[in-house]
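1. give me coordinates for this.
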Amino acid sequence: MTIVTDRTAKLRLHAALLDDTASRLGMDLQEAAIRGALKFEEISDAVLRCTTCSEPEACAHWLKEEGAVVAAPHYCRNTKLLKRLQRAE
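-> Numbering: from 1, shown residues only. Below is the predicted model:
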């Protein structure tokens with residue numbers, strides 16, 4: 001059970017990092033999916049990509065910073081997806 005719990009916690013952490021990153025960039029992933037700009041499977045794939053990132057602590061710190069941002073951090077594994085969604089806004 002510990003393995004499942006650890007995996008679940010990791011998925012939840014990265015789902016939150018992805019959602020918060022999108023929000024910080026002025027996007028709502030769920031709304032994008034409802035509009036058809038994003039497939040629900042793409043959200044799952046993006047979370048899985050996020051779990052392979054070696055910089056989750058840096059990402060969490062970036063999310064807490066003040067000020068406007070126009071792009072995800074350079075190390076973000078979902079930069080391509082987030083840029084596409086920004087253009088669709």
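2. residues contacting Thr52?
-> By Cβ atoms under 8 Å, 6 or more residues apart in numbering, the residues touching Thr52 are Arg77. For the C-beta atoms, the positions are set from N, CA and C on the backbone; glycine is no exception.
3. next structured bit after the helix or strand of the chain with the lowest mean pLDDT?
-> In the chain, no helix or strand scores lower on mean pLDDT, DSSP states H and E than helix 2-24, which sits at a mean of 90. As assigned by DSSP states H and E, the chain's next helix or strand after helix 2-24 is helix 29-35.
4. of all the residues in the next helix-or-strand element following that following helix, which ones are buried?
-> On the C-terminal side of helix 29-35, the closest following helix or strand by DSSP H and E is helix 40-51. Of the residues in helix 40-51, 42-43, 46-47, 49-51 count as buried by neighbour count, 16 or more other Cβ atoms under 10 Å.
5. equivalent analysis for stretch 22-41, please.
-> Those would be 22, 25, 27, 29, 32, 37-38, for stretch 22-41 by 16+ other Cβ under 10 Å.
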